[in-house]
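Asks: following is a predicted model, sequence given first.
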Amino acid sequence: MELLFSVLLLSMIAWTDGQSDRLSRRQRILSILQTYHPTSAPAPSFRSYNFESSNSGVARDGRPTLPPVLNSWVSWNQDWLGQTTPARTTPPPTIAPPDSPYDLWYYKDDSEYIQGPYSSSTMLEWQKAGYFRTGLLLRREVDNIFTNLAAYTRLYGRSPFSRGNYPRAIIMRTTTATTTSTTTTTTTTARPPNLFWEPVENNEMTPVRGDGIEIDDYSDSEESNENTVEWGEESANVICSDEDDCRPSLKDGTIRLTGGREENEGNVEVYHEGVWGGVCDDEWDADEAKVACKSLGFPGADVATNGGRYGYSPSVIWMDNLYCYGTEKRLDRCRFDGWGAHDCDRTEAAGVRCKPHPPSTTTTTTTTAKPKIPMMSVADYMDIRLAGGRMEKEGRVEMRFDDGEWGVACGDGWGVREAIVACKQLGMSYAAASTSTSVFGGSNMTKVVSGLSCKGNEESLIDCGHDDFGTLFCPGEGMYDIAAVVCTDTQADLEPDLYQLMTSAYLEDKPLFLLQCAMEENCLASAAYLERQENPYWQQVTRRLLRFTTAISNIGNADFRPFIPKDTWQWHACHQHYHSMETFSHFEIIDSKGRRVVEGHKASFCLEDNDCDGVDPHYDCENYGDQGITAGCKDIYYYNIDCQWIDITDLPIGTYTFKMAINPEYKIPETTFENNAALCTLHYNEMQAHISNCSLVRP
């Protein structure tokens, strides 16, 4: 106990001594500070200063600026040094290059104050940090109007602050209109800028104005000829050796119509890389036809044609699976599989009949599509026969009317449905194939009819319609497009399962982040693709999907096989499977006025036998196996498969007609097409969707 007391006593003494030492040191420091008197610094040995300002790249357009020393780059001048001081050996600092006006940005904050300018790199870092909203108003140093961030992103196809080709300056033009009466009034109105910019390959500028900014002139005209000819630079020293040397080069993506009787009809051909090529008719409908006609200068489209209505397409096919909104100015602005990527042959040419130009008169006229003329209106009866084939069930279709001379039919519009009627009339059961060719001869025979069009359920070709009769002009390749057919005793017949469709329908909300593979295959509504272009956070946007199961039975007496050969099937890396048919099923929702309000499609994920009744399955997709549906088997696409839906995000609540069609483009012959589609009633209330009251109809 005594030892513990001694230790505590010594500790207290040591602490007291430490406190005393600190107080004494503090007193000594204070006394030194009080007695300190600073001495004046010696004068510098150099005599004068000379500031040389380098170009800062800041536009001098009259806005308030900082003092020059803060608004300029300052470089070191060796003449500043005095004569008695040796020259410095340190190298001068590196001068940063000035920011281009294309790289300097202003923005409006929430209080409508203009902030800036800031460099692109700074703005990009702020955007990455999430400081900017989509509707933030921006302008560059070269622009004189503000545009929101989403518009810039849509026009650039990237963040406007990231590196890339620069668009031209956005200049708002104003027009002044003066009205003279008792008093003179001047009104200035602004028109929207032309947002179809041409790229500037680099951000260097040639100063032509006092502020160093080059301003490009913009046209305020909304009309522009998209299919223009680029003549190139003229030179007085150029001598043309032949015709080819002086021909103008066409703009890439220019289109034309070929094979038609009039200038406003024909197959659509597109110019790419110096070669005219065809357009495949997969997914070709009214929206694509409208864009084609508008770009050619016509008021609109009367009808979109399929199946080489105006003859074969060229051997080169440039475009396939076109998806247009109807608002594009050119076909190459639409979505498609890529230049030269296709699974079509020359008989699948897309065509169009455009509305003709109205006459130059004040009288209002209405143009409508030319209707088909019934064959019974030009003849009482007709006989047909096959000739030129290797066997009795193939060859060109020869026909005569009212005991007249034998002739042949033009190949324009000749397809599967017309071939079905021809084989039925000949008593040869079903059609195996339809073709337009001169392989079976007949090129020198009289062409007696063109534009034959059947539904496929007629008993004779005289019950069908046509375009022209008698001595006539055949569209397309003329003497080489002769209607021909191959008949068969057996044929497939597809029929959808109505019970599976009605009992499997349900709603699912899914973000676009999980639907990117489906977007590659064009399975979503057009609004989803606009969202991807305009909204930088599009992956978080949710789409509403109406899912359902599609079970297709082959109730015929032959196997159903794809139209295209196996070596031309398309591999889709996203879904890891081959497509043997680009459009195997088509979905649409129709309102009470008969207007299609929602549309979707399903490519052939894999045609195989999933459920067979008393027969052995023949088709299995694994390991690049053969695709098809055996007679007596079903191919089932369950509701959980990608693209087995229709996107109804923008569909208002209500009661609609739902239609699902199999083999909707009549590409593959069947026994009949009268049972290839399901027509149902759809009740939708945003909480659930109910499909009922289904019946079988034609596509």
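Replies: Nice, I can see it.

Asks: any idea how far apart the tips of stretch 460-472 sit?
Replies: Stretch 460-472 has its terminal residues 22 Å apart, counting by C-alpha to C-alpha, to the nearest Å.

Asks: same deal with stretch 646-653?
Replies: 15 Å.

Asks: now do the buried residues in it.
Replies: 646-649, 651 (16 or more other C-beta atoms under 10 Å). (C-beta placed from N, C-alpha, C; glycine too.)

Asks: same deal with stretch 372-382?
Replies: 373, 375, 378-379, 382.

Asks: so which residues make contact with that stretch?
Replies: 399-402, 449, 451, 453, 460-467, 469 (C-beta atoms under 8 Å, 6 or more residues apart in numbering).

Asks: do that again at 6 Å, thanks
Replies: Residues from elsewhere that reach stretch 372-382 (C-beta atoms under 6 Å, 6 or more residues apart in numbering): 399, 401-402, 453, 462, 464-466, 469.

Asks: make a PyMOL selection of the buried ones in those.
Replies: Listed next is the PyMOL selection for buried residues among those, using 16+ other C-beta under 10 Å:
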select buried, resi 399+401+453+462+464+465+466+469
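
Asks: so which residue is smack in the middle of the chain?
Replies: Centroid check for the chain by C-alpha atoms, centre = their mean gives residue 335 as the closest residue, at 2.7 Å.

Asks: enumerate every residue touching the closest residue to it other than its chain neighbours.
Replies: In space, and not counting its chain neighbours, residue 335 is closest to residue 323: 4.4 Å by C-beta to C-beta, 6 or more residues apart in numbering. When contacts are counted by C-beta under 6 Å, 6+ apart, residue 323 touches 334-335, 522.

Asks: quick one: least confident of those?
Replies: Across the set of these, residue 522 stands lowest in pLDDT, at 80.

Asks: related to what we said a few turns ago, and which of the buried residues of stretch 646-653 is nearest residue 565?
Replies: Nearest to residue 565 among the buried residues of stretch 646-653 is residue 646, at 30.6 Å by C-beta to C-beta.

Asks: what about the closest one, which SS state?
Replies: Put simply, residue 646 is strand when judged by DSSP: H, G, I helix; E, B strand; the rest coil.

Asks: give me the number of residues near residue 489?
Replies: 11 (other C-beta atoms under 10 Å).

Asks: list the contacts of it.
Replies: Here residue 489 is in contact with residue 429 (C-beta under 6 Å, 6+ apart).

Asks: and it, what's its pLDDT?
Replies: Looking at residue 489, the pLDDT reads 93.

Asks: quick one: it and residue 442, what's the gap?
Replies: Distance, residue 489 to residue 442, using C-beta to C-beta, to the nearest Å: 25 Å.

Asks: could you do residue 270 as well?
Replies: Noted for residue 270: a distance of 31 Å to residue 442, by C-beta to C-beta.

Asks: next one: residue 467
Replies: From residue 467 across to residue 442, the span is 19 Å (C-beta to C-beta).

Asks: cool, and residue 532?
Replies: In terms of C-beta to C-beta, residue 532 sits 51 Å off from residue 442.

Asks: now do residue 120
Replies: 67 Å.

Asks: now do residue 318
Replies: Residue 318 is 31 Å from residue 442, by C-beta to C-beta.

Asks: more crowded one of residue 467 and residue 442?
Replies: More crowded of residue 467 and residue 442, by other C-beta under 10 Å: residue 442, with 24 against 20.

Asks: now the more buried one. Its backbone dihedrals?
Replies: phi 90, psi 0 (degrees, to the nearest 10).

Asks: go on, the one 10 residues further on?
Replies: With angles defined as degrees, to the nearest 10, residue 452 sits at phi -60, psi 140.

Asks: and it, how many neighbours does it have?
Replies: Around residue 452 there are 26 residues (other C-beta under 10 Å).

Asks: what sits against residue 611?
Replies: Residue 611 neighbours (C-beta under 6 Å, 6+ apart): residue 634.

Asks: buried sites along stretch 549-563?
Replies: By 16+ other C-beta under 10 Å, the buried positions in stretch 549-563 come out as 549-554, 556, 558-563.

Asks: tell me which of the residues you listed is nearest to residue 255?
Replies: Closest to residue 255, out of all of the buried residues of stretch 549-563 and judged by C-beta to C-beta, is residue 563, at 25.8 Å.

Asks: thought residue 666 was touching the closest one, still the case?
Replies: No: look at residue 563 against residue 666 with C-beta atoms under 6 Å: they stay out of range, at 10.2 Å.

Asks: adding pLDDT, write the buried residues of stretch 646-653 out as a markdown table.
Replies: Listed next are those as a markdown table, based on pLDDT from 0 to 100:
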| residue | pLDDT |
| --- | --- |
| 646 | 92 |
| 647 | 93 |
| 648 | 93 |
| 649 | 92 |
| 651 | 92 |
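
Asks: now the two most distant members of those.
Replies: Longest span within these, C-beta to C-beta: 646 and 649, 10.3 Å.

Asks: before we move on, what SS does residue 587 have?
Replies: For residue 587, the assignment made with three-state DSSP gives strand.

Asks: no wait, residue 150
Replies: helix.

Asks: what's the answer for residue 26, then?
Replies: Three-state assignment for residue 26 (three-state DSSP): helix.

Asks: ok, it to residue 390 distance?
Replies: For residue 26 relative to residue 390 (C-beta to C-beta), the value is 120 Å.

Asks: for the buried residues of stretch 549-563, work out which two are farthest apart.
Replies: 549 and 558, at 25.3 Å, using C-beta to C-beta across the buried residues of stretch 549-563.

Asks: hang on, the earlier thing: now, which of the buried residues of stretch 372-382 lie within helices?
Replies: Using DSSP state H, the subset of those located in helices is empty.

Asks: okay, those residues in a markdown table with pLDDT and distance to residue 515 next?
Replies: Formatted as a markdown table, these follow (pLDDT from 0 to 100; distance: C-beta to C-beta, whole Å):
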| residue | pLDDT | distance to residue 515 |
| --- | --- | --- |
| 373 | 80 | 47 |
| 375 | 81 | 48 |
| 378 | 83 | 53 |
| 379 | 85 | 55 |
| 382 | 89 | 53 |
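
Asks: farthest-apart pair in those residues, please.
Replies: It's 373 and 382 that sit farthest apart of the buried residues of stretch 372-382, by C-beta to C-beta, at 14.1 Å.

Asks: which residue ranges of the stretch 351-500 of the chain form strands?
Replies: 351-354, 373-374, 382-388, 394-401, 407-409, 430-436, 447-450, 465-466, 468-469, 483-488, 494-496 (DSSP state E, counting those that start in this stretch).

Asks: how long is stretch 277-295 end to end?
Replies: Start to finish, the residues bounding stretch 277-295 are 17 Å apart (C-alpha to C-alpha).

Asks: to the chain's geometric centre, what's the distance from that stretch?
Replies: 13 Å (C-alpha atoms, centre = their mean, to the nearest Å).

Asks: do the same with stretch 492-512
Replies: Per C-alpha atoms, centre = their mean, the centroid offset for stretch 492-512 relative to its chain is 27 Å.

Asks: this completes my enquiry, with thanks.
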